[in-house]
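S.K.: need the 3D shape of this:
(one chain, ligands or ions: 1)
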Amino acid sequence: MSAETVDSWKTTLPCTRAEAEAIDAADDLAIDAVLMTTEEVEDDVTRWRLDAYSEREPTAAMIAQLRALVPSAADTAPVIEPLTPADWVAMSQDGLEPIAEGRFVVHTSAHPVAPPPGGRAFLIDAGRAFGTGHHATTSGCLAMLDGLADSSFARIIDIGTGTGLLAFAAAHLWPAAEIVATDIDPAAVDVTRENAALNAIPPLDLIVADGALNDAITARAPYDLLIANILAGPLVSMAPEVVAIAAPNATIILAGLLETQRSTVVEAFAACGCTLERMDRRGDWTILHLIAGKTRYVPTTPPDPKGRDGWALDI
Ligand SMILES: C[S@@+](CC[C@H](N)C(=O)[O-])C[C@H]1O[C@@H](n2cnc3c(N)ncnc32)[C@H](O)[C@@H]1O
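M.R.: Okay, here's the model as predicted:
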């Protein structure tokens, strides 16, 4: 590989699942110019790894910052790999065989497939956003949505849409519904816009927002189907604001939680009047189908835009 073609570096360190979760949950890790992803090592649920991508060759200081995030790797040398633009494309497509879930198949441009009879194929290339369908949380949500096909929904929100895949599945199942897709990450919203065009999805309302405390989101409430595949921590803290935008008896699909975190998430939503309807287990991950209470949940005081307090049941 010639030095001119190198445009970035990948630094890999092993980590534990707890370290990976802490990294994923952190808002601001203050490591300059580094994009980090964590992943289960294939075929071994006990081993995880941290991949950090940087635009310049990792310095000793950058490596020390990364090491501080994964103390379990104190004795392991990082693997540092120069990358070319071609590596990025190959990495995003490698091993991403099509997945099938209910009536849906999801494929990359490297592995095109026809939709199953009566089904729908989505082209989602891996890239800057989460949600190719290969993760158990995404495929579990697709299965939950597929199982709701006989229900009808008029106003749907996908909070933390990533690639947009779950919103696209909802648009297929309920073509007359108004669909809002949001993400805290503007890059994910851009990716969703691009994927929506590639897959000829009818117009969606795309919103960059942290949780549901956002005027554009609340202005379109109440929603009768709410989907949020995020992580247990954010789901617990945003339970009141998610339930506040739910119509009475709305369907709420939650994912991103481990089975060990299920009761914490269920309790947070139960405290806001929701009941557990059913759940699906995919390996360590659990997907929840909740039903909102009959009473709408409203803010008692103007919510603090930086906090998540001040919400109560309107009874
Ligand atoms: C696990 S991915 C799920 C993506 C996609 N919905 C799927 O099921 O594959 C979680 C997504 O939630 C977004 N996210 C994280 N925290 C959020 C928050 N507070 N508000 C909105 N989106 C958030 C992330 O940027 C990411 O795109």
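
S.K.: quick one: mean pLDDT for the lengthiest strand in the chain?
M.R.: Criterion DSSP state E: the longest strand present in the chain is strand 246-258. Mean pLDDT, computed over strand 246-258, is 95.

S.K.: repeat that for stretch 179-194.
M.R.: For stretch 179-194, mean pLDDT is 95.

S.K.: contacts for it next, please.
M.R.: 127-130, 155-164, 167, 170-171, 204-212, 214, 217, 220, 223 (C-beta atoms under 8 Å, 6 or more residues apart in numbering). To be clear about C-beta, it is placed using only N, CA and C from the backbone, and glycine gets the same treatment.

S.K.: got it, and stretch 204-221?
M.R.: So stretch 204-221 is contacted by 155, 157, 159, 164, 167, 171, 178-186, 189, 192-193, 196, 234, 237-238, 241-242, 244-247, 303, 305, 308 (C-beta under 8 Å, 6+ apart).

S.K.: before we move on, the earlier item: wait, does the longest strand of the chain contact the ligand?
M.R.: Yes: using C-beta under 6 Å from any ligand atom, strand 246-258 reaches the ligand at Gly256.

S.K.: could you say what helices and strands that strand packs with?
M.R.: helix 136-147, strand 223-229, helix 232-237, helix 262-270, strand 285-291 (3 or more C-beta pairs under 8 Å, 6 or more residues apart in numbering; DSSP states H and E).

S.K.: a strand runs through Glu277, doesn't it?
M.R.: Yes: when classified by DSSP: H, G, I helix; E, B strand; the rest coil, Glu277 is found to be part of a strand.

S.K.: beta partners of the closest residue to it other than its chain neighbours?
M.R.: Leaving aside its chain neighbours, Glu277 sits nearest to His289 (4.5 Å; criterion: C-beta to C-beta, 6 or more residues apart in numbering). When bridges are called by DSSP bridges, His289 pairs up with Ile253, Arg278.

S.K.: wait, what's in contact with His289?
M.R.: By C-beta under 8 Å, 6+ apart, the residues touching His289 are Met144, Thr251, Ile252, Ile253, Leu276, Glu277, Arg278, Met279, Asp280.

S.K.: now do the contacts for Arg281.
M.R.: Arg281 makes contacts with Glu259, Ile287, as judged by C-beta under 8 Å, 6+ apart.

S.K.: is it true that Pro14 touches Thr76?
M.R.: Yes: assessed by C-beta atoms under 8 Å, Pro14 is found in contact with Thr76 at 5.8 Å.

S.K.: ok, the two, which is more surrounded?
M.R.: Pro14 (16 against 13; other C-beta atoms under 10 Å).

S.K.: mind listing the residues bridging to that one?
M.R.: Beta-bridge pairing for Pro14 (DSSP bridges): Arg49.

S.K.: begin at 27 from here
M.R.: OK, 27 is where the count begins now, so the last one is Pro40.

S.K.: ok, it to Ala180 distance?
M.R.: As for Pro40, its distance to Ala180 is 47 Å (criterion: C-beta to C-beta, to the nearest Å).

S.K.: repeat that for Asp310.
M.R.: Asp310 is 34 Å from Ala180, where distance means C-beta to C-beta.

S.K.: same check, this time on Ser34
M.R.: 45 Å.

S.K.: higher neighbour count, the two?
M.R.: Legend: neighbour count by other C-beta under 10 Å for Ser34 and Ala180, higher for Ser34 (18 against 13).
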